[in-house]
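> the sequence and its predicted three-dimensional model are supplied below.
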Amino acid sequence: MKSLAGKKPIPGTMVFEGRMAMKGYALNKMCFSFNKAENRDAFKADEDGYCTKYGLTDEQRDAVKKRNVLALLNLGGNIYYLAKLTGMFGLNMQDIGAQQAGISLEEFKAKLLAAGETKNG
Amino acid sequence: MKSLAGKKPIPGTMVFEGRMAMKGYALNKMCFSFNKAENRDAFKADEDGYCTKYGLTDEQRDAVKKRNVLALLNLGGNIYYLAKLTGMFGLNMQDIGAQQAGISLEEFKAKLLAAGETKNG
Amino acid sequence: MARLIGGVGSSHVPAIGNAIEQGLISDPYWAPFFDGYKPVWNWMEEKKPDVAILVYNDHGLNFFLDTMPTFAIGAAAEYQNADEGWGLKPLDPFQGDPEFSWHIIDSLIHDEFDITMCQEMLVDHGFTVPMSLMWPKQEQRDQVKVIPLCVNVVQYPFPTARRCLKLGEAIGKAVASYDKDLDVVILGTGGLSHQLDGERAGHTNREFDTEFLEKLKDEPEWLLKYSNYELAEIVGPQGVEMIMWLIMRGALGDNIRELSRNYHIPISNTAAGVILFENEAV
Amino acid sequence: MARLIGGVGSSHVPAIGNAIEQGLISDPYWAPFFDGYKPVWNWMEEKKPDVAILVYNDHGLNFFLDTMPTFAIGAAAEYQNADEGWGLKPLDPFQGDPEFSWHIIDSLIHDEFDITMCQEMLVDHGFTVPMSLMWPKQEQRDQVKVIPLCVNVVQYPFPTARRCLKLGEAIGKAVASYDKDLDVVILGTGGLSHQLDGERAGHTNREFDTEFLEKLKDEPEWLLKYSNYELAEIVGPQGVEMIMWLIMRGALGDNIRELSRNYHIPISNTAAGVILFENEAV
Ligand SMILES: [Fe+3]
Ligand SMILES: [Fe+3]
């Protein structure tokens, strides 16, 4: 990517550009399928078989098994598509925020509330 | 359409703008489905049932029955999508060109050859 | 002629939709957020716009990476909401104004914006949440026709902030040249600072958001000095959605007054902002 | 750095694909058409470009009216052809250059072109016919990576001729800024005059086409004085495809020589043209 070439990485932050999108295309396509209830049911019935059908790599399938959001992101997952996958595991955006930050849900919520403690601007 | 408002119609010529596209949306969507062989088979098995499934109007269904290309165009069909429908009737672009121009296929071909008769530019 | 009577900038966090659904407007967690919408509700009640141009992004309901438009505009008679996969209850369909959509598309393409035209599209929470926020009751939403404008802030490269501001200006021109007597409002949605992905998930930036809100009326160009990549660092990768507010701002022109503003952290993982501008000429 | 070594303008009538398939190159009906491609074949054999940017339009295989982009660019590793419904035999897949595609997309979006990015797309006869025409043998096509650029000339409003010329200029800049040692050719396809629909079906316009070909090298702006609606009257509604040749022309810049040109009526319902430009700096 011309615009990102030579850019310093942003600590703890993903930028979903062309290279990541290529890496994660199959993974994201699988997640996109979860907009439909019947596809969510098919996944739940046979998680790994569903992943194989979409051509996920071994690493991606392993990260799905482990519900490891950071690993999925590093393997090209996009957070908006991944949310449809993690939603099936009963994880909402705050749950996966805490998981990625490596803190408990309560700590994650407290951190957000703390950012709001100073007087509203 | 701003760009077409107040424009004089072009004799014998269709311009596929927003109004026509709205009118023909269901018809064109049906035709788009004919990229797939199984949909072509389903249409051939029950033409009118297939048209009904896609929500075509009575006029559009009648024009399909009559293989009337000018009528289909006036009802919002776009020539590229319609080509997939008329292809199933064994009609190619020259066949439907002749049909629209109201002349025989031989006359239509002769007219095109005549346009090429003058020295190549 | 159609008149752009005002514009609103607003976040579009999915949790807001649930909160409205569940009647949590006065709940202690939600009150500091919803209080900021009271002036907007009053203004909408008073002005009763006929049409809303709603600038938002799709989060993976209608568009996938196979075909990702930079700017997509709806030209349908109706827009359906649908299941996004993680439990948000779909809202009733929204009524479009296809003739007006085609006018805007036509004007924009002649002004050299390379629009993707959508005669059928699903609208996701990025669209439905602002609709619920502006018009919490179904009977209110039924009174407003909509024109969805979907912006790519999912797959880099996103449109530049400058391009968004220019698109807004061209939309202003398109509305002003439509020969029907309509009151039009434009909503710029998304943001403000938030980060959903990576170890820094939960990042917000009050200082930057506050300056953005402060400068939006008189100096919207202020945001243009940051690239989208720089913005991702400053306000989080999802905070970059704030560039969509510039489309709203650009459409309004310079003859506007700011009627209200609110800022609150957190709603879910997000710093939520709302701002209301009115066209002074109206 | 990547170099744009030349460009070709060419029709993309489906019947051409069948004629190549059936070995009709020397057939009396086809010879006056294919003879015009001999200089192109020789030039391609001599230059052996690494990458072809192929400007074309989809005719209802990959895109439908639900989502109709003005400019869509492929960013896939492979592009499949498929059944279009009326009997054209699909060709083997074409090899993409996704890294180069992303560079071009990135450069264009930063230059304020609102590109639709396609990481998966089917290519139809508008794409495959020019590929077969430039490189009739499969083993030749296997040597060239492709970047498809699909332009809306199906649903009004189409991009203006001016916008197409500007897009070409921006593509020229994008290619020149890519830091790989690649020889690139750009193909502008479609046209020339033809009309498939309406009572006037079969319309062609030799005089206008000839002037277009005559002016393309030194005065491409000549076409800009006609709106797409006016062009539909002059060259037929499908003849408007010729605006895609301006993208090719714009990309090449002004330091070019014309190596060959041919014009022939009819191929199927179409007036077919071909022109070959070479970058003088190469
Ligand atoms: Fe969002
Ligand atoms: Fe074509």
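Yep, that arrived. Ligands and ions are numbered 1, 2, ... in the order given.

> what ranges does the stretch 101-250 of chain C have for its strands?
Listed in chain order, the strands of the stretch 101-250 of chain C (DSSP state E, counting those that start in this stretch) span C:116-118, C:122-123, C:145-151, C:183-189.

> domain ranges for chain A?
Domain assignment for chain A by automatic domain parsing gives A:18-90, A:91-121.

> need those domains in JSON lines (columns: mean neighbour count).
All C-beta spots, glycine's among them, are computed from the backbone N, C-alpha and C. Converted to JSON lines, the domains of chain A look like this (neighbours: other CB atoms under 10 Å in any protein chain shown):
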{"stretch": "domain A:18-90", "mean neighbour count": "19"}
{"stretch": "domain A:91-121", "mean neighbour count": "17"}
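
> export these to TSV and tack on mean pLDDT and distance to B:Gly12?
Listed next are the domains of chain A as TSV, based on pLDDT from 0 to 100; distance: least, CB to CB, whole Å:
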stretch	mean pLDDT	distance to B:Gly12
domain A:18-90	98	45
domain A:91-121	90	58
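
> nearest to B:Arg61, of those domains?
Closest approach to B:Arg61 among those (CB to CB): domain A:18-90, 30.5 Å.

> please see if that closest one touches chain C.
Yes: residues of domain A:18-90 contacting chain C under CB under 8 Å from any CB of the partner chain: A:18, A:21, A:25, A:28-29, A:31-32, A:34-37, A:40, A:69-70, A:73, A:78-81, A:83-84, A:86-88.

> ok, which residues in chain C are in contact with ligand 1?
Residues of chain C lying near ligand 1 by CB under 5 Å from the ion: C:Gly126, C:Gly190.

> just give me the longest helix of chain C.
helix C:161-176 (DSSP state H).

> need the per-residue pLDDT for C:Pro98.
Note on C:Pro98: pLDDT of 98.

> Serialize the domains of chain A to a markdown table and add fields for distance to chain B.
Below are the domains of chain A laid out as a markdown table (distance: least, CB to the nearest CB, whole Å):
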| stretch | distance to chain B |
| --- | --- |
| domain A:18-90 | 19 |
| domain A:91-121 | 36 |
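
> now for those, which one comes closest to D:Phe64?
Here domain A:18-90 is closest among the domains of chain A (CB to CB), at 18.2 Å.

> how far is the closest one from where the chain is centred?
Computed by CA atoms, centre = their mean, to the nearest Å, the chain-centroid distance of domain A:18-90 equals 8 Å.

> does it come close to chain D?
Yes: for domain A:18-90, a contact with chain D is found by CB under 8 Å from any CB, at A:Gly18, A:Arg19, A:Ala21, A:Met22, A:Tyr25.

> on that earlier part again, export the domains of chain A as TSV, with columns for distance to ligand 1.
As requested, the domains of chain A are exported to TSV (distance: least, CB to the ion, whole Å):
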stretch	distance to ligand 1
domain A:18-90	8
domain A:91-121	11
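
> okay, and the spatially closest residue to A:Gly116 that is not a sequence neighbour sits in which element?
Computed as CB to CB, 6 or more residues apart in numbering or on different chains, the closest residue to A:Gly116 that is not its neighbour in sequence is C:Ile265, at 3.5 Å. Element membership for C:Ile265 (DSSP states H and E) is strand C:256-267.

> avg pLDDT for the following helix or strand past that strand?
Towards the C-terminus, the helix or strand next in line after strand C:256-267, according to DSSP H and E, is strand C:270-279. Mean per-residue pLDDT for strand C:270-279: 98.

> ok and strand C:270-279 relative to strand C:183-189, angle-wise?
Relative orientation of strand C:270-279 versus strand C:183-189 (axes from the mean of the first three to the mean of the last three CA atoms, to 10 degrees): 160 degrees.

> I figured C:Asp83 hits A:Lys36, correct?
Yes: between C:Asp83 and A:Lys36 there is a contact under CB atoms under 8 Å: 7.5 Å.

> how many neighbours does C:Trp222 have?
14 (other CB atoms under 10 Å in any protein chain shown).

> dihedrals phi and psi, C:Tyr56?
Reported as degrees, to the nearest 10, the phi and psi values for C:Tyr56 are phi -150, psi -180.

> ok, the spatially closest residue to C:Asn152 that is not a sequence neighbour - how many residues close by?
Spatial nearest neighbour of C:Asn152, excluding adjacent residues (CB to CB, 6+ apart): C:Thr70 at 5.0 Å. Residues contacting C:Thr70 under the criterion other CB under 10 Å number 30.

> residue contacts, C:Thr70?
Counting by CB atoms under 8 Å, 6 or more residues apart in numbering or on different chains, C:Thr70 touches C:Asp114, C:Thr116, C:Val151, C:Asn152, C:Phe158, C:Pro159, D:Ile109, D:Asp114, D:Ile115, D:Thr116.

> where does the one residue in the stretch 1-150 of chain C that gets nearest to chain A land in three-state SS?
Distance from chain A to each residue of the stretch 1-150 of chain C (CB to the nearest CB) is smallest for C:Trp86, at 2.9 Å. Following DSSP: H, G, I helix; E, B strand; the rest coil, we place C:Trp86 in the coil state.

> hang on, it packs against A:Gly87?
Yes: with contact defined as CB under 8 Å, C:Trp86 reaches A:Gly87; the gap is 2.9 Å.

> all helices of chain A, in order?
Assigned by DSSP H, chain A shows helices spanning A:18-23, A:25-33, A:37-45, A:47-53, A:58-65, A:69-74, A:79-88, A:93-101, A:105-115.

> distance of the residue in the stretch 151-282 of chain C positioned nearest to chain D relative to chain A?
Using CB to the nearest CB, the closest approach of the stretch 151-282 of chain C to chain D is made by C:Pro157 at 4.4 Å. From C:Pro157 across to chain A, the span is 6 Å (CB to the nearest CB, to the nearest Å).

> if we can go back for a sec, turn the contacts of C:Thr70 into TSV, columns for neighbour count.
TSV is the format used below for those (neighbours: other CB under 10 Å):
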residue	neighbour count
C:Asp114	24
C:Thr116	27
C:Val151	27
C:Asn152	23
C:Phe158	25
C:Pro159	26
D:Ile109	25
D:Asp114	24
D:Ile115	29
D:Thr116	27
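
> between those residues, which sits nearest chain B?
For these, the minimum distance to chain B (CB to the nearest CB) is 14.1 Å, reached by C:Thr116.

> ok, for the closest one, nearest residue in space, not its chain neighbours?
Using CB to CB, 6+ apart and skipping residues adjacent in sequence, the residue nearest C:Thr116 is C:Pro69, 3.6 Å away.

> got phi/psi on the one you found?
The phi/psi pair for C:Pro69 (degrees, to the nearest 10) reads phi -80, psi 150.

> pLDDT at it, what is it?
The per-residue pLDDT reported for C:Pro69 equals 98.

> which ones are touching the residue of the stretch 101-250 of chain C found nearest chain B?
Nearest residue of the stretch 101-250 of chain C to chain B, counting by CB to the nearest CB: C:Trp102, 3.5 Å away. Shown in contact with C:Trp102 (CB under 8 Å, 6+ apart): B:Met1, B:Glu17, B:Gly18, B:Arg19, C:Ala75.

> verify the stated contact: the last one with C:Met117.
Right, the one you point to is C:Ala75. Yes: assessed by CB under 8 Å, C:Ala75 is found in contact with C:Met117 at 5.6 Å.

> what's the overlap in contacts for these two?
Shared contacts of C:Ala75 and C:Met117 (CB under 8 Å, 6+ apart): C:Ile105.
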